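Enquirer: Here is a sequence with its predicted model. Questions after.
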Amino acid sequence: MITASFAVGLYMVSLTMSPSRIKLYNWHKWAGMTILTLAALRLYWRLTHRAPSLSASMPRWQAFAAQATHIALYVLFFAVPLTGWMYSSAAGFPVVWFGLIPLPDLVGKDRELAELLKPFHWMTAYALASLVVLHILAVVKHLVMDDDNLLGRMLPSMNGEKS
Amino acid sequence: MNRLNVELKFTAMLLAFAAAIPLTASAQQKLLPAQSEIAFVSKQFGVPVGGKFKKFDAELAFDPKKADAARVSFTVDLLSADIGNNETEAELKKPGWFNSAKVPQATFTSTSVKALGGGKFEFAGKLAIKGISQPVVVPVTLTQNSGVTKAVGSFTLKRLDFKIGDGEWNDVSIVANEVAVNVKLALTGIAPL
Ligand code: HEM
């Protein structure tokens, strides 16, 4: 879903103004708001449930990097949609979720503020995309090179360590 | 002393009189642009998108007690539309929308004015945008306070009646046909209600 939002985001800003562009913008915002909701649920889950501890065989720097990446991912899960939402409000376009639920404006309509916020949205989005790629590469590395059953810990149904 | 006093009074009177002359001459009715507002709201894919016109003017000959004889006309500078978003504003100027380079003004000319009582009036007239003229009826409520008359009215127009958003944009599921227009005016020189 994040990948789709990212791709649609990149594509839609390349279009000239047209009815389909307006549709894409709105779909992008709806998906983004859904991600924000899921991120909140996920954070709640994470805060109320301990994550399985990392394998002891993992080098310290990797454990640290994993921790940092996870924190950064959580921050960006919120930062990307929130900056998008703020930008949209400042630009004078309130978000109406799925065309049904009008959401409050985070900031007032303000041309200068909108221009100020715009780069934050794409910068955080790019950062999130890079992190996701990095993260997946790291997982693949564990899977292929280390064979330390990292994925098994993520999926309870696989016969990994008991979490 | 006494004499000086009388002279001063006389001069003061003269001054007051002189000052009063332009006042009576400007019983002519005027719009106070800084305190007036013409705003509109349309919907894009269900999302309300509002804007304002920054430049407009009115010519009035309106006596609340003789509403039947009133004549009111408006010009709105379409190039002055402020939506708070450069991209949408650039789009709005294009031929498919306002075509404001070619027909920069919208006009409203009253054809009949009805007093409904209680400071309420109904202004019927012709609204012309992009050279297309359509009848509209605008209910207006007037209130007066220390010489300034406030007029508040709103109406809904159908943008496609004026070919606003022609061509690929005529799909009303993207940009709704209905556009709400909200007018708030401050006027001077209007006779008491
Ligand atoms: C995790 C969710 C999201 C991701 C990954 C994402 C990603 C992106 C990307 C990659 C772009 C293109 C930036 C550029 O290259 O200029 C973009 C643009 C945009 N996004 Fe998002 N976005 C998300 C959520 C949201 C939300 C929730 C909103 C609004 C409520 C939003 C509103 C916008 C807007 C208005 C633009 C266009 C900016 C412009 O006109 O240049 N986004 N987004």
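Expert: Right, received. Where do you want to start? Just so it is clear, the model here is predicted, and its values are computed rather than measured. Numbering: from 1, shown residues only, chains lettered A, B, ... in the order given.
Enquirer: nearest spatial neighbour of the spatially most central residue of chain A, skipping sequence neighbours?
Expert: Centroid-nearest residue in chain A, with CA atoms, centre = their mean: A:F77, separated by 3.4 Å. Among residues not flanking A:F77 along the chain, A:A39 sits closest, at 3.7 Å (CB to CB, 6 or more residues apart in numbering or on different chains). In short, each C-beta sits where N, CA and C put it, glycine included.
Enquirer: which element is the one you found on?
Expert: Per DSSP states H and E, A:A39 falls inside helix A:19-48.
Enquirer: and residue 114, which of the three is it?
Expert: I went with chain A, as the question did not name one. What DSSP: H, G, I helix; E, B strand; the rest coil gives for A:A114 is helix.
Enquirer: In this structure it contacts A:F93, no?
Expert: No: counting by CB atoms under 8 Å, A:A114 sits too far from A:F93 to count as a contact (9.5 Å).
Enquirer: More neighbours: these two, which one.
Expert: Neighbour count, other CB atoms under 10 Å in any protein chain shown: between A:A114 and A:F93, A:F93 has more, with 25 against 21.
Enquirer: Leaving out sequence neighbours, find the closest residue to the more buried one.
Expert: For A:F93, ignoring the flanking residues on the chain, the nearest one in space by CB to CB, 6+ apart is B:V47 at 5.7 Å.
Enquirer: ok, the one you found - contacts?
Expert: The neighbours of B:V47, taking CB atoms under 8 Å, 6 or more residues apart in numbering or on different chains as the test, are A:N26, A:F93, A:P94, A:V95, A:V96.
Enquirer: again, 7 Å this time
Expert: A:N26, A:F93, A:P94, A:V96 (CB atoms under 7 Å, 6 or more residues apart in numbering or on different chains).
Enquirer: Greatest separation within the residues you listed: which pair is it?
Expert: A:N26 and A:P94 (11.2 Å; CB to CB).
Enquirer: tally of neighbours for the closest residue to the ligand within chain B?
Expert: Shortest chain B-to-the ligand distance, computed as CB to the nearest ligand atom: residue-wise this is B:E87, at 7.3 Å. Using other CB under 10 Å, B:E87 is surrounded by 11 other residues.
Enquirer: With chain A as the reference, measure out to it.
Expert: B:E87 sits 7 Å away from chain A, going by CB to the nearest CB, to the nearest Å.
Enquirer: cool, B:S133 as well?
Expert: Distance from B:S133 to chain A, by CB to the nearest CB: 27 Å.
Enquirer: Check for me that that residue belongs to a helix.
Expert: No: assigned with three-state DSSP, B:S133 falls outside any helix and is strand.
Enquirer: show me where chain B has strands.
Expert: All strands of chain B, identified by DSSP state E, fall at B:30-31, B:37-44, B:47-53, B:56-61, B:71-77, B:81-82, B:105-117, B:120-129, B:132-145, B:148-158, B:178-188.
Enquirer: Return the residues of chain A in contact with chain B.
Expert: Selection of chain A residues close to chain B by CB under 7 Å from any CB of the partner chain yields A:17-19, A:22-23, A:26, A:91-94, A:96, A:99, A:109, A:111.
Enquirer: now the angle from the helix holding A:A39 to strand B:37-44?
Expert: Comparing the axes of helix A:19-48 and strand B:37-44 via axes from the mean of the first three to the mean of the last three CA atoms, to 10 degrees yields an angle of 80 degrees.
Enquirer: Report the buried residues of helix A:19-48.
Expert: A:19, A:21-33, A:35-36, A:39 (16 or more other CB atoms under 10 Å in any protein chain shown).
Enquirer: In terms of secondary structure, what does that helix contact?
Expert: helix A:2-14, helix A:60-90 (3 or more CB pairs under 7 Å, 6 or more residues apart in numbering or on different chains; DSSP states H and E).
Enquirer: export those helices to CSV and tack on mean pLDDT and distance to B:Q28?
Expert: Formatted as CSV, the helices and strands packed on helix A:19-48 follow (pLDDT from 0 to 100; distance: least, CB to CB, whole Å):
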stretch, mean pLDDT, distance to B:Q28
helix A:2-14, 91, 52
helix A:60-90, 92, 42
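Enquirer: Deepest-packed of those, please.
Expert: Highest mean neighbour count among the helices and strands packed on helix A:19-48 (mean count of other CB atoms under 10 Å in any protein chain shown): helix A:60-90, with a mean of 17.
Enquirer: Pull up the residues of chain B that are close to chain A.
Expert: For chain B, the residues in contact with chain A (CB under 7 Å from any CB) are B:44-49, B:83-85, B:87, B:91, B:168-169, B:171, B:174.
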